[in-house]
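Participant: coords please:
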Amino acid sequence: MTAKSIDIRQRPSAAVRINKAYILTVLAGVIFSGAVAALAFDAFTGKIGILPPRFETIKAGDHDIIKVPANSNLQAAINRAKSGDVIELQAGATYYGEIVLPNRPLTDYVTIQSSALARLPEGQRVGPEQASLMAKIVTKDGKPTVSAAAGAHHYRFAGIEFAPASPAYVYNLVLFGTDQTRLADVPHHLEIDRSYVHTYKTAVARRGIALNSADSTIKNSYIEGFAFPGEETQGICGWTGTRDVKIINNYVEGGAENIMFGGSDPVNADMTPTNIEVRGNHLNKPAAWKKKVTHKTHFELKNAKNVLFTGNYLENNWEGSAFRITVRNQAGGAPFSAVEDVVVKDNVVNGAGEGFNILGKDDTHPSQTMKRLTITNNLFLNIGGQAWDGSGYFIQIADGENILIANNTVFNSGNIATFYGTVPRDMVFRDNIMGHGLYGIHGFGDMRSAKSIFQNNVFVNNLRVPSGDLAYPSGNIGVSDFRSVGFTDAGNNDYRLTQGSKYKGKGSNVNAAAVMK
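Facilitator: A predicted model of the protein is given here:
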């Protein structure tokens, strides 16, 4: 046998074969583990949501309770939830946004709630002191904590704290709808209940809740800190697609506006904010904001229809009027802009530069004319004067149609009413009690024609104007001071008329009970 015929390749021993297999197995395991870790990280950060880690699902009748521990993927839980399910977040734990509510075929609410929700009684407004009972959803990069995809529907948040986790500028902390162009794309059936919505220390957050959604409710919640110099900030604002919404029993702070509807042009009239109820809220601008942030008003309408604002308590509008009802085609692209069918009744305002600033038609761009505004049975205290930056008038008005202002009690230092521009049509101002100020009814021109508007009011000569300079038409009553009116107990904020008051029962719709609570 020659050397050429000999096979000199040697077969590896069994030990060598085992070592190679072990190495390959370990290497494959490392690669697989790395891939799984990468996917888990993406899922945790909400990028893909395919690995819902450590969820515990409990059957509860016809729905599930999905328990999401701290540092788990809330987005994945929302993506898998079905109609009627409850997603329970751990009280005191933090979950990272931006959470996007998907458009899924839900027929009942998916509820995202704190595990301690039972300790936040239903129907009662919460406060910051109860934050430890809430689960916290935060955003680090300035994006919303929660936003709703086009057409998303049937999601409810209860017992949740929404907040930035960094000083990055936040435009909308909660974004329920953006600038949809069709009603079919507007998110709907969304709700926030017993929740705490707030800014990051002194950083800029432009808006607490953008309410561009339909069939939506914000209730029993605490919304604070949305103010900054040079920024027009709001606690709650809706401008397009807002429809059939309720804002009930909340505490709301906002620098420029606590609550506003309008302010940006929708694409068509169908997207005008419509059917809005604001009831039982406390709107406030803290004393620390005075002269330090941009101020405008408590409640503003620029483009809205069918609005009920009732039973609210408004305080500390340090600059300007408590209400601004001013038709605005904001950028000139919405000539259909209108304010129609608005009722403001049974509210208490304590502290503002002025009462109502009313502009019935845009004086910059084409718009519709304001129609059917009713202001009745409200109590205004501390309107104007040294503590407030404003002229102290009750009403400043131009243009509009079908306006009723009746049965209001107003402690104002400025004019009864200031007219400018076009005089409103079909306006009635009757059965009110308020201060005359320096100029009474100012800018109207002819007091004889003013008689058809101003009927059966009690005007108090609070600034001791000489009788020859009093400016209001006949058919109204002038008294020397507020004590002459006959309030039950003004010192204790009870402004009902006593049985002995000569004005008791003299109004056509007598003020039922203007009592400050």
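Participant: Give the bridge partners for Ile325, please.
Facilitator: Leu301, Ile358 (DSSP bridges).
Participant: ok, it - how many residues close by?
Facilitator: 27 (other CB atoms under 10 Å). No exception for glycine: its C-beta is placed from N, CA and C like everyone else's.
Participant: thought it was touching Met370?
Facilitator: Yes. Using CB atoms under 8 Å, Ile325 makes contact with Met370 at a distance of 7.1 Å.
Participant: and for those two, which residues touch both?
Facilitator: Common contact partners of Ile325 and Met370 (CB atoms under 8 Å, 6 or more residues apart in numbering): Val339, Ile358, Leu359.
Participant: which one of these is nearest Glu88?
Facilitator: Using CB to CB, Val339 is the member of the shared contacts of Ile325 and Met370 that lies nearest Glu88, at 42.4 Å.
Participant: so what's the closest one up against?
Facilitator: Here Val339 is in contact with Leu301, Lys302, Asn303, Ala304, Lys305, Ile325, Thr326, Val327, Gly360, Met370, Lys371, Leu373 (CB under 8 Å, 6+ apart).
Participant: how many other residues sit next to Lys475?
Facilitator: No, residue 475 isn't Lys; it's Gly. 13.
Participant: go on, Pro229?
Facilitator: Applying other CB under 10 Å, I find that Pro229 has 12 neighbouring residues.
Participant: contacting residues around the spatially closest residue to it that is not a sequence neighbour?
Facilitator: Leaving out its chain neighbours, the residue that sits closest to Pro229 by CB to CB, 6 or more residues apart in numbering is Val293, at 5.4 Å. By CB under 8 Å, 6+ apart, Val293 lies in contact with Ala227, Phe228, Pro229, Glu231, Thr233, Gly255.
Participant: Could you check how many residues crowd around the fourth one?
Facilitator: Neighbourhood size, Glu231 [other CB under 10 Å]: 17.
Participant: any idea how far His365 is from it?
Facilitator: Glu231 is 23 Å from His365, where distance means CB to CB, to the nearest Å.
Participant: again, but for the first one
Facilitator: Ala227 sits at a distance of 28 Å from His365 (criterion: CB to CB).
Participant: Those two: who's more crowded?
Facilitator: More neighbours surround Ala227 than the other of Ala227 and His365, with 26 against 16 (other CB under 10 Å).
Participant: Backbone torsions only: list them for that one.
Facilitator: phi -160, psi 150 (degrees, to the nearest 10).
Participant: now the helices: where do they sit in the stretch 401-517 of the chain?
Facilitator: 447-450 (DSSP state H, counting those that start in this stretch).
Participant: sorry, back to before: can you tell me which two in the contacts of Val293 are farthest apart?
Facilitator: Pro229 and Thr233 (10.0 Å).
Participant: Could I get the full set of helices for this protein?
Facilitator: 14-44, 74-80, 447-450 (DSSP state H).
Participant: Stretch 450-470 - what's its average pLDDT?
Facilitator: Averaging pLDDT along stretch 450-470 yields 96.
Participant: follow-up on the earlier one: how close does the residue nearest to Pro229 get to Gln330?
Facilitator: 22 Å.
Participant: And for Lys219?
Facilitator: Counting by CB to CB - Lys219 and Gln330 are separated by 28 Å.
Participant: OK, contacts around Asn220?
Facilitator: Asn220 neighbours (CB under 8 Å, 6+ apart): Glu122, Gly123, Gln124, Arg125, Val126, Asp193, Arg194, Ile248, Asn249, Asn250.
Participant: Asn268: which of those residues is nearest?
Facilitator: Ile248 (28.9 Å).
Participant: Is that closest one bridged to anything, and to what?
Facilitator: Lys219, Arg279.
Participant: likewise Glu257?
Facilitator: Gln234, Thr297.
Participant: how near is it to Asn407?
Facilitator: Distance from Glu257 to Asn407, by CB to CB: 26 Å.
Participant: ok, those two, which is more surrounded?
Facilitator: Taking other CB under 10 Å, Glu257 and Asn407 do not tie; Glu257 has more neighbours (28 against 21).
Participant: isn't that one right up against Leu301?
Facilitator: No. Using CB under 8 Å, Glu257 is not in contact with Leu301, being 9.9 Å away.
Participant: Identify the contacts common to these two.
Facilitator: Arg324.
Participant: Could you list the buried residues of stretch 406-422?
Facilitator: Using 16 or more other CB atoms under 10 Å as the test for burial, stretch 406-422 gives 406-419.
Participant: just the contacts of Val293: which has the poorest pLDDT?
Facilitator: For the contacts of Val293, the least confident entry is Glu231, with 91.
Participant: thought that residue was touching Lys296?
Facilitator: No. Using CB under 8 Å, Glu231 is not in contact with Lys296; the gap is 11.5 Å.
Participant: shared neighbours, the two?
Facilitator: Common neighbours of Glu231 and Lys296 (CB under 8 Å, 6+ apart) are Ala256.
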